[in-house]
Each structure stands twice: as C-alpha cells, then as structure tokens.
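>>> any chance you can model this:
(chains A and B)
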Protein chains: 2
Amino acid sequence: MKPIDFQTDPSRYRHWRVEIDGEVASLIMDVDQAGSLFDGVELKLNSYDLGVDIELNDAVQRLRFEHPEVRAVVIRSGKDNVFCAGANIRMLGKASHGHKVNFCKFTNETRLAIEDASANSGQLYLAAVKGSCAGGGYELALAADHIMLIDDRRSTVSLPETPLLGVLPGTGGLSRVTDKRKVRRDRADIFCTIEEGLRGAKAVEWRLVDEVVPNSKWDDAVATRARELAARSDRPRDAKGIKLDPIQRRPNGDSIAYAHVGLDVDRGRGRATLTVRSPADAAPPSVAAAHEQGAAFWPLALAREFEDAILHLRANEPEIGLVIFRTEGDAHSVLGYDAVLGEDDWLMREVRHYLKRVFKRIDVTSRSFIALIEPGTCFAGTLAELALAADRSLMLIGTRDGDNRAAAAITLGTANFGFYPMGNGLTRLQTRFLGDDDAIARLKERVGIPLEAEEADELGLVTATVESYDWDDEVRVMLEERASFSPDALTGMEANLRFAGPETMETKIFARLTAWQNWIFQRPNAVGEQGALKLYGSGVQPTFDRTRV
Amino acid sequence: MKPIDFQTDPSRYRHWRVEIDGEVASLIMDVDQAGSLFDGVELKLNSYDLGVDIELNDAVQRLRFEHPEVRAVVIRSGKDNVFCAGANIRMLGKASHGHKVNFCKFTNETRLAIEDASANSGQLYLAAVKGSCAGGGYELALAADHIMLIDDRRSTVSLPETPLLGVLPGTGGLSRVTDKRKVRRDRADIFCTIEEGLRGAKAVEWRLVDEVVPNSKWDDAVATRARELAARSDRPRDAKGIKLDPIQRRPNGDSIAYAHVGLDVDRGRGRATLTVRSPADAAPPSVAAAHEQGAAFWPLALAREFEDAILHLRANEPEIGLVIFRTEGDAHSVLGYDAVLGEDDWLMREVRHYLKRVFKRIDVTSRSFIALIEPGTCFAGTLAELALAADRSLMLIGTRDGDNRAAAAITLGTANFGFYPMGNGLTRLQTRFLGDDDAIARLKERVGIPLEAEEADELGLVTATVESYDWDDEVRVMLEERASFSPDALTGMEANLRFAGPETMETKIFARLTAWQNWIFQRPNAVGEQGALKLYGSGVQPTFDRTRV
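Residues are numbered from 1 along each chain as shown, chains lettered A, B, ... in the order given. You can find the predicted model right below:
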C-alpha cells in the first residue's frame, strides 16, 4: 500500500463535489468506484474507504475557512437509489487490523468535525437521505443536526453491521443512536439487528430520522430545511473567506520539513521527534492583519502542518511508537499570536477550534508522547498545550554549560484555560488537576509568567525536572525503557490515563464503542477464515464460536 | 475445569479469615497456595484466582448482613512480607479468554461491592498495606476509603502489569488511579510503568496512598484509623444481624431449582430461561417481621438465588448466549414486599442495595436478555426491573384462548424510581428515557396501576406487543434470529446500547478499561507464544510486534 496522503483539495477530489448556492452548500457524495486506496477494491454504491473520507474531511474544513457565507450544509448523494452503503466491506476484509483501527479513528474524527462545525462554527448540517443509507452511511447522516429521509418506499436507514458482518457500527453509530438521537435502548437493539433497516413513519417515531418527506415535495422540503438551519447560524454576513493554500511540506528521507514543523523519524529506535517553531515574525497588529495573512497566519499554518504530521505518523509509520515534542523559538512571539487568536472574530474562532481538534487528535493517537522542555524551547500558551497533551514532560533545570540561552521555561497563557477543551469537555489543565479548582486558580495567577523548572514542578505542570548533567542519560533511559514495553499495553494504558474524569458522547465513541470494536476486529468470529467480515459477499455463511465472552 | 460454585461460607474459606472486634472487622487475606481452581497452579505470595475472590465477595456480603455492628473493615494480609501479589499470572496464562474476562468482571464487581458498602452501608474500608502490594493487590487496596502503607523500606504499592505482563491493571486500577485517587496523569503514567512501584513519602505525595506509618507505630495507627472510619458510619448501634443460611439449590440435569428462581438451560438452542416466582405468602406486616424472616425474606432470597443463577450462567454456561426472563405469580404480593423493602431500616437498605448490585450484574453480563410478559406473569415493582434490564421485552396482548388468567400487565412501583440505579447513576427508566423528564413524570403517575399491553406500549415500557395467535411464532423467530448472530458482535453491541447517557468511574471500569483489556487479552503481544503474559516467569523475554494500533 502506498503512503497515505491526508492533503487534498477540491481540484483533486474524486469522490465528492461541493456546490455552493449562497448561504447553503451541498456536499455531494459521488464515489468513484475505481478510486479506492486498495488495489482490487471497487467502491460500489457510494461505499467508502479512507481516501473518500480524507476528501470529506478536507471539504468540511474548507467550508469553514473558505466560505464564511455558508451557514448550512446539505449532505446528499450523487447517485440514484443509494445515499451511501457505508464503509467498503472488501476493503475492511483486506485491511490490516491497524489500518481498520486507524480508518475508524479518522472517520470518527471527521464525523466529530461535522458536529463541531454545527456547534461552534455556525455551519449547520442537514443529511438529505435519498436512497438506501446503510452502516457508515447512516453514521455519516447521524453527524448532521437534522436528518431527512425521502418517503419513496425504497429509501431506508440501517445499521446492519451486527447481522451482516459480525462487527459494530463503530463510527459513532451505537453512541449517537443512544446518546444523540436518544433512541430507546430496546428499539436501538432491534434497529441494529435488522439488515433491511427502517423507513417511513416508524423511522421518525423511533427517532432515527427527523422527518420523512414525500418524493414530490423532496427538493422543496430540503431547500426549506436548509434555509431554516441557515437562519440559526451566527456566521458573519459579509466576511471574506481565506484560501487554504497547499501546506509547505518537503519530505527528505525519513524526515518531513514543514514551514513551522519538523518531523524526524528515527526508525532504528522506533521514535520520532516533532519540532514546532515559534513564528518568525511578531504577531499581526490586528485581527484584520491576521486575515490578510490568510493561511500563512502562524497558528493556522501550525494547525495544518502539525495535523498532517500526526496523521502521517498514524497511517504511515505504525512502528514509530514514541513521539517527542520539541519546540524552538520565542515564547513572546507565541503569546503575541495567542492574543490575536483570542479575539472575537469568526476566523480567529475557526483557528482556535481547528487547533482544538488537532490537539484532540493527539489525545486519541496510540503513540506515547513525551515533551522535552529545554533552554531554547518555547512551550508557551498554545505551544504549552503540547506539554500538557504529552504523556510525560521532562524539564531541564537551569541552563547548560556553554549554552547562553535562558533557562527553560513553560509559560501558561489564556489559551490553556479554554481555547482547547479535550473531548471530555475539560481543558487539559482541568483534566490534569481533576476536581482541584484551587490548583486551576493558582495557575491562572501565573498566566504570562515564564515558569522555570522549580516553579513549574511545584505547580505540577511538568512530570519531572532534571539537572543538565543528568539530562542526556535520563532522557535516553526513559525513551529506551518506553520502547521496550508492549505496544498494545501502552495503547490501552494511554487511552485510560489521558481521560480522567467525565465522559461525553465524543469520548464514549473512542472508549466504550471503539475499544469494543477493536476487540471484535481481533476476534475469529469477525476476521477468522470462517468469520462474518471475511466471508461477507462470498455466499458462504460464517461459522461462529458460540462462546459468549 | 470443574463447574465454578459461587456459594461459600466462612466455614469453608481457604483463603480469608474474618476477625471481628466490636465495631471493627479485619478481613485477613491468607491465600492457601494449594487452593487454586486450576490444577497445577500455586497461589504463591497471596496471589489470587477466581476462587479466592469468591470468598472475598462472600465475606464482604456477610459483613453487611450478619454484622450490623461492624462499622469499619480493615483489609490485611496474613502473610509476612507480602500484602498481595495480585492475580496469579500462571492462572491467567492458562485460562481461556472467556475465563479471563469473567474473572476480571467478577473481581471488578467485588471491588465495587466494597465501595458500595462504604458509600451506602456504613461499612468503611481501610487497606492496611504491609508488605509488597502489587497489581491486583493494589487494585484491592484502591477499593478502600483509606490506604495506609507501612514505612519499612520494603513495602511498596505497584501496578506492574504493563512492564511485566504486557496487559493493563484491569480490575479498576487505571480508572481508580485517575478518577478516585486523582493521581496526575503523568505520574500515573510513570507509576504504571515501574515494576518496583513506590513507597514512602513519594507514594503519599503522588496520592497513591493516604499515609505512610513507621513500623513502630503501625498497629496503633491502623487501630486509630479504623476507629475514625467507624465513627463516620451511620450503622445502627443495637441491631441484630441476620444469618445468610445456604440458599436452596437443587441441580437437575441442565436445570437448577431454587426456592423462588428456576433456571432451565436449553443447550441445543443455546438459551436458558430464568423464571422468578412471586412470594408464596403476603408480605410481612412490619419491618420487624421482615427481620424475623431473615434470609428467607423473599427479596433477599430472590437476590441471592438470582445472583447465583446469573453467575453460574456466566462462568459455567458460556455457550448459552440468550436468557429469557419470566416471572410467575402475583403482582400484589411483589408490591407488598416492595412496600416493606422501602422502609427506612438498615436491613431493608441492605437488601435494596443487594438487589441493585444483582441487577447491575445483568447490565454487564454478556448475554442477550429477553423478557416475556404473558398472562400469569408478575412484572411488578422489583420484578418489573427485570423487564427494564432486558435488551428487549415482548408483551402478549390480552389473554390466550382457554387461559382464564388476567391479561398480561406490567406494574411500576416506587422501586423502579430509585431503589436500583444502574452503574451510570441513573435508574433504568431514566436511562431508557434519557433526558426526558416528562416521560418519567408520566410514568410516576401510573405507579401501582397494572398496565396492559396497549398502555405499556404507549408509555414505552415494552419493546413490542404481540397478539396471542402470533405469540409463539414471533417469539420463536426472534430467539432463533438472535442466536444466529455473532456472539462477539452482540456482546459489543449490548455493552454499548445498555449504557446510554452519563458515565461514572464504575461504568468507565467496565467500558473504557475492560474493553481495552479484553482487546489486549486477544493480542499476540500478550497471549501469543512470544507474548509477555505467556512468557512471564519463564526467563525468556517476550518478542513484540512493534506496530502501534
């Protein structure tokens, strides 16, 4: 399989079309069946693989940044008779366990990005379901604020994963049915076990869709609902979008150099270093000036580059289990950008939420993250969030001999107190100091003050502080030790320790639902030679080990 | 392996001693290394298997019912130098996946029962840790309200599962460290990766234990803390305990007949029927009279028998994937007992919380549950909870030809509005009608009124209603269809659909933590020939597939 590239743009889409009509955009799914990432897989009936979802993710993102005028988005199918058949089963049958898990993770993040656009960006989503809408297709519809189903006696919604494939509707399906749509548990149980799905009044009564509309009134009804959704939006009427130009990315052997981010892979040691550089220039003097910078505005460029690096590691470097976060540059400059970023402005809001989503990707990435805080680093404000997202942070005490840079410091900013909530609804500081409001209050008093090792340690911001003469050894031992542990145990451990406290529908999707799905994806009843996922479409019935575990 | 029996009593204990000194009880773990359920496994160093935990569960239970005078419970070790080495690793290496999962589930329930005793029964637990306390041993300590660690330079607490075994501290360890003890995530990360654990002041500073006590002051300090905990108890000073006599249980081929419960296994069809009979007599006229009945008091006898049947199914009938709930008898009599059960009395409180725990066992049991509500059944109050705990309920409309019993009805009681919260903190009705307070209010108005099929359906209390002439076919088709699905997919699906809404530490243990652990328990890195769990103690280092999933 070729390396997976998460960068695309509308000129390269094979599976989606974006049509914009004033305040309403249509996202039209029209999958090119010859366009799978997998050789020999045909993406029939608007079924999808990761490549299709990469385009969707890009489209959702661009609508937010490039089209402030768009206040409602209608997801439609470009095919007759089928809305979307869900994830392609042949692809799932062929894919490695790791690819399946990564694929589900990314599609989950894309569905959540749609909900984030609705909740925080004033782009409300409408799923206009015409034709059969099965499995992942219905899970896509579930991400919308409003689901319309045409009443043509053929179109249905369904989650047939359990009866047909022996797996779960794992892209949020079960969680959204119970927690978002609030379908009664016994009805959900029936719905998730009938291959043929539901339609008509019953689909409405069971809360699976919001309305069914006769064929004759369909187009008008969709247009009307889209306008109604648009009316609820708080997006500005007269703003100008910014173009998301291609990011700068230069692969060089095992490394990738971006404008503000560097990724260096050390394959022999199974680790990578992600270095973020502070802005080269001072922050723009105003929001208007930030708009002028467009995609070059440092926080936005950072979000895009960092996201690309993380996604690349996940998909293309599965044996790199350990990622070191470094920063380079000037804390003042970062905090200056944060000040602009915090302004009340539609674009600044978009960038904040984008960075929030990028940091959330770290939280659900199954790699160990270690932040190294040394002289010359700039873990301040938005970049301090990297230290807080890491599983551990090590901080060098004072300075190094022969290095005339100032002692390492970490500097909290307002960004750390609300710009970037985790999926559990808390900031990383709140999660770190779970239930301890006093600790948060103490930290707030230190905003903007560079905290050197002793103080950062006292305040609980770093895992450990290390004398300069011990630094190299301590770091080496820690990294080597980490690399010696079972990768699976680390994945499970990190998935637990990162999420202290409350759960939300979002975190339930990654914990309760995804963890069970991953388990099922390992089970012979799904993926064995006689398993349901393996045999799907072969005409041969699966043979199950009937043991209930 | 012989069938596992969940019934025991102190006269048969091989691994625990209970010593009672006034208001303080000691639970002394002194595992008989020759007493494993597994041939060839030696339970060295106070390591445990399911048999050890069955005794602990029994002891915790009896303290609540038989010893109202006990207000604090000290968990101690009967061995020198070791508190508890955790789950026995040889046992885990030998056990089937299903046994491992069941073992973890039961031990998790026992730890939660300890916390339930503290929270709801006025028996507060103290872990007096002297000697090394590793893995499941520390997880046991984590269930206590207060953890004391002796400062003897040898005694430590540790969670070495990840570095030593390539698995998780899956008996609540990770969840309690982050959510109960509120250990900072990066410290938890370190703690869970160091084999040797922590001791002394650092263990206190990191919140892993509440205090460390010098050897010389140990006995006094433990006694003092136990008295302090006892002082916080609300247990009555002058109450008389009731003896938990052996339950009546007559195995008969594939069936088991209890006094009020019948379990009939249909091995060919992979299903079982659990029938609960209403009390034979009217409820006792007073709480005092209920005390007189002791363990024969119907709700208590029901709890014990039903629990035994569920645990038996889990452990000894893994291929029975489908369980039908039936009731027989008289709704009035059930509601009469519920009225006594609702009284403000220490014993009634115990029985309510016991039934709550039994119903919670259903929620986390990986079998499909179907309630059949027909003429002659008595799904009322406490027994209506069975219909609400089921994945589906089918209700027969009206009566059957030639059957002169009244039409089937379901009758809500006060019991359904608060006696039996689920692990998520909500009642089953609140979970069923998530966020819909009006629905709950409407249902409250119907308390005590027999609701026949049409009304029960309208109120959303049953999954479907069926005409008598369709009943047999409908039931047969539904059961056969259910039995045709992948058992694993059903397990995952049910684990999701049963828990709409909020999560608590308790539900996180069964979802986030357990689901990840189950996944790891399937992975070659743990259980393969070169896996860490398999090779532990062999002197051979495990070989890991370094792919991060």
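>>> how close does A:Arg400 get to chain B?
Distance of A:Arg400 to chain B, given as CB to the nearest CB, to the nearest Å: 24 Å. The C-beta positions use only the backbone N, C-alpha and C, and glycine is treated the same way.
>>> so what's the backbone phi/psi at that residue?
phi -100, psi 150 (degrees, to the nearest 10).
>>> so what's the residue nearest to it when sequence neighbours are not counted scoring on pLDDT?
Closest residue to A:Arg400 apart from its sequence neighbours, by CB to CB, 6 or more residues apart in numbering or on different chains: A:Ser468 at 4.8 Å. Note on A:Ser468: pLDDT of 96.
>>> now do the same contact list for A:Ser468.
Applying CB atoms under 8 Å, 6 or more residues apart in numbering or on different chains to A:Ser468 gives the contacts A:396-401.
>>> okay, now A:Asp472: neighbour count?
A:Asp472: 10 surrounding residues under other CB atoms under 10 Å in any protein chain shown.
>>> need the per-residue pLDDT for it.
For A:Asp472, pLDDT reads 97.
>>> same check, this time on A:Gly253
For A:Gly253, the pLDDT comes out at 89.
>>> measure it to A:Val265 for me?
With the distance defined as CB to CB, to the nearest Å, A:Gly253 ends up 8 Å from A:Val265.
>>> higher neighbour count, the two?
Set A:Gly253 next to A:Val265 and count neighbours by other CB under 10 Å: A:Val265 wins out with 21 against 8.
>>> next up, the contacts around that one.
By CB under 8 Å, 6+ apart, the contact set of A:Val265 is A:254-255, A:271-272, A:317, A:320.
>>> just the buried residues of the contacts of A:Ser468.
Buried by 16 or more other CB atoms under 10 Å in any protein chain shown: A:396-397, A:399-400, out of the contacts of A:Ser468.
>>> just to revisit the earlier point, nearest to chain B, of the contacts of A:Val265?
A:Ile320 (7.5 Å; CB to the nearest CB).
>>> the closest one: what secondary structure?
coil (DSSP: H, G, I helix; E, B strand; the rest coil).
>>> counting neighbours, what do you get for it?
Count around A:Ile320 with other CB under 10 Å applied: 22.
>>> quick check: A:Pro32 touching A:His15?
Let me fix one detail, which is that residue A:32 is Asp and not Pro. Yes: here A:Asp32 reaches A:His15: they are 5.7 Å apart, a contact under CB atoms under 8 Å.
>>> higher neighbour count, these two?
A direct count of neighbours by other CB under 10 Å for A:Asp32 and A:His15 places A:His15 higher, at 24 against 14.
>>> any figure for the gap between that one and A:Gly78?
Separation of A:His15 from A:Gly78 (CB to CB): 9 Å.
>>> so what's the closest residue to chain B within the stretch 51-200 of chain A up against?
For the stretch 51-200 of chain A, the residue closest to chain B is A:Gly166, as judged by CB to the nearest CB, at 3.3 Å. By CB under 8 Å, 6+ apart, the contact list for A:Gly166 reads A:520, A:525-526, A:531-533, A:542, A:544, B:485-486, B:488-489.
>>> and the residues you listed as JSON lines, adding neighbour count, distance to B:Ala439 and pLDDT?
Below are those laid out as JSON lines (neighbours: other CB atoms under 10 Å in any protein chain shown; distance: CB to CB, whole Å; pLDDT from 0 to 100):
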{"residue": "A:Ile520", "neighbour count": "30", "distance to B:Ala439": "33", "pLDDT": "97"}
{"residue": "A:Asn525", "neighbour count": "26", "distance to B:Ala439": "37", "pLDDT": "97"}
{"residue": "A:Ala526", "neighbour count": "28", "distance to B:Ala439": "36", "pLDDT": "96"}
{"residue": "A:Gly531", "neighbour count": "24", "distance to B:Ala439": "40", "pLDDT": "96"}
{"residue": "A:Ala532", "neighbour count": "27", "distance to B:Ala439": "36", "pLDDT": "96"}
{"residue": "A:Leu533", "neighbour count": "24", "distance to B:Ala439": "38", "pLDDT": "94"}
{"residue": "A:Pro542", "neighbour count": "23", "distance to B:Ala439": "39", "pLDDT": "96"}
{"residue": "A:Phe544", "neighbour count": "23", "distance to B:Ala439": "37", "pLDDT": "97"}
{"residue": "B:Phe485", "neighbour count": "21", "distance to B:Ala439": "30", "pLDDT": "97"}
{"residue": "B:Ser486", "neighbour count": "27", "distance to B:Ala439": "33", "pLDDT": "97"}
{"residue": "B:Asp488", "neighbour count": "29", "distance to B:Ala439": "33", "pLDDT": "98"}
{"residue": "B:Ala489", "neighbour count": "28", "distance to B:Ala439": "30", "pLDDT": "98"}
